[in-house]
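Q: Kindly generate the corresponding structure for this input.
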Amino acid sequence: MKVLQGECPGIRVAVVEQGAGSMPSWQTIEIDSTIVFTMEDLDDYRTKNWDNRIYDVMVLIAAVEFCDKSCKRPAWGWMRRIELHLPVHDVDHWETPQVGSALMSALKFLTGDEWQISFYKRRSPMEDIGRQSRLEFGDPSKVVTPFSDGLDSRAVTAMMTAGGRSDRLIRVRVGAKTDDRPRTEHRKAPFLTIPFKVKSGDRPFAESTVRSRGFKFTLLSGIAAYLLGTHDIVMPESGQGALGPSLVQTSHGYEDYRNHPLFFGRMERLVAAIFNYQVSYRLPRLWKTKGQTLGEFAALPVNPDEWVKTRSCWQQNRNSSVDGKRRQCGICAACMLRRLSFHAAGLEEPKENYIWEDLRAGDFAKGAAPGFNKITGAMEHYAIAGTLHLDHLADLRSSPVHRKRVARHAWFLSQELGMTPAEGEDDLLGLLQQHEVEWKAFMKDLGPKSFVAQWLV
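A: Take a look at the predicted model:
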């Protein structure tokens, strides 16, 4: 779909059960065809607390993902209008004002789009999932955390289990498919994989921003907490990743709140409305930089591979290999923050972790690994944007121009986190100061002839 300047693109999607046929005037997607559940993985979510709302929520998550990926954003704008119609077991429950307002609040705040979601009665109820639960229910001492191959995820998980109580931590896999978690009696761990996949159909998905990832991973973690009978969910993101994307926005883009306390507060209210159950999303590293988090991680008695082999890169796989071996690009915003953090923590990692091996090179192309022949102008623009993001974040604390923006952001944080405005501003300014110190030291080490430094002149 081609989107012209000034347009507000839209999409109308109806989810139907298998064999139900299409709905006139809607783009119809079918459960078990476009939204595909793996019953073995779905069974891993089964506890004594299971009910059909869990399945309905997973269909909702998958349908939101399909809409978000299928409707391309305008070239000079952001907002889209999205209508979604899907089957549920209990229409009356889903149409309550509490559920509707919480759902619209979370999705609109996260994606920056206008959403309209309606529900209709399923033709046939979801069958019992299978064998008896392997999980204990009703242990509020357990802690749920989303888990991936990312640096913050590995670090926070290691710090939480350093005291020897790894059995208290329930990790919900949201990243790579590989299973590297402990097994019990040779059985795979619960919540090992996301139990559904969303397929694009005949054509590839049109939109790559996919802000709905935050909705997906946060709500799956909420489901896990509800199923286990615990209330504590730890989100591993450090301060720059949680707050930076909303403090420093792009020219025509909408602020990114995927790991922000204001979004998590909305998701707490959504989980409460759907399940009549209260969870708490915590950010224990909110006021720490990723470099500080990595430094504490590295101080633990763990194998260095635990941080060296983590993955941060946003680049697609087809653009991220050298001589047939997958690497991180080394220049996107996520990779630059990673490299900044390793520098701040005083740690080294192999240059072969990245396509752009040498950030000290005087020319962008010369910084790439020999043999890499996929350098494009778009890739350089992407790299410049990532560098400018970190540089602008480092300027926020000391710039009079941004003083009101920082104070306003601190006020909203304080209201969500139960702090005084003064406390919120002190903590935010402290985080920004630490980032500024780390960024200036990093850039000094790269030197004034670095292609990175030349972008900031």
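
Q: which stretches of the stretch 301-450 of the chain form helices?
A: Shown for the stretch 301-450 of the chain, the helices assigned by DSSP state H, counting those that start in this stretch span residues 305-308, 333-345, 377-395, 403-417, 421-446.

Q: rank those helices by pLDDT, which is bottom?
A: When those are compared on average pLDDT, helix 305-308 comes out lowest at a mean of 90.

Q: returning to that earlier point: which one of the helices of the stretch 301-450 of the chain lies closest to Thr230?
A: Between Thr230 and the helices of the stretch 301-450 of the chain, the tightest spacing by C-beta to C-beta is seen for helix 403-417, at 20.8 Å. Where you see a C-beta, it was placed from the backbone N, CA and C, and this is true even at glycine.

Q: angle of the closest one against helix 421-446?
A: Relative orientation of helix 403-417 versus helix 421-446 (axes from the mean of the first three to the mean of the last three C-alpha atoms, to 10 degrees): 120 degrees.

Q: Show me what helix 403-417 is packed against.
A: For helix 403-417, the helices and strands in contact under the criterion 3 or more C-beta pairs under 8 Å, 6 or more residues apart in numbering; DSSP states H and E are helix 239-247, helix 261-275, helix 421-446.

Q: that older thread, okay, the helices of the stretch 301-450 of the chain in TSV with distance to Ala299 and mean neighbour count next?
A: Formatted as TSV, those follow (distance: least, C-beta to C-beta, whole Å; neighbours: other C-beta atoms under 10 Å):
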stretch	distance to Ala299	mean neighbour count
helix 305-308	11	15
helix 333-345	9	23
helix 377-395	24	17
helix 403-417	27	16
helix 421-446	17	17
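
Q: Using a markdown table, lay out the ones you listed together with distance to Gln278.
A: Written out in a markdown table, the entries for these read as follows (distance: least, C-beta to C-beta, whole Å):
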| stretch | distance to Gln278 |
| --- | --- |
| helix 305-308 | 33 |
| helix 333-345 | 32 |
| helix 377-395 | 33 |
| helix 403-417 | 15 |
| helix 421-446 | 23 |
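
Q: and of the ones you listed, who's closest to Asp358?
A: The minimum distance between Asp358 and the helices of the stretch 301-450 of the chain falls on helix 421-446, with 9.8 Å, by C-beta to C-beta.

Q: elements contacting the closest one?
A: Contacts defined by 3+ C-beta pairs under 8 Å, 6+ apart place helix 421-446 against helix 239-247, helix 333-345, helix 377-395, helix 403-417, helix 451-455.

Q: Please state the offset of it from the chain centre?
A: 23 Å (C-alpha atoms, centre = their mean, to the nearest Å).

Q: Report the angle between it and helix 333-345.
A: Angle, helix 421-446 to helix 333-345, by the same axes, to 10 degrees: 90 degrees.

Q: Can I get the helices and strands packed on helix 403-417 in CSV including distance to Glu114?
A: Converted to CSV, the helices and strands packed on helix 403-417 look like this (distance: least, C-beta to C-beta, whole Å):
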stretch, distance to Glu114
helix 239-247, 20
helix 261-275, 16
helix 421-446, 30
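
Q: all strands of the stretch 51-200 of the chain, in order?
A: With strands called from DSSP state E, counting those that start in this stretch, the stretch 51-200 of the chain shows them at 81-88, 114-121, 143-147, 169-173, 196-198.

Q: Can you point out the buried residues in the last one?
A: Residues of strand 196-198 classed as buried by neighbour count (16 or more other C-beta atoms under 10 Å): 196, 198.
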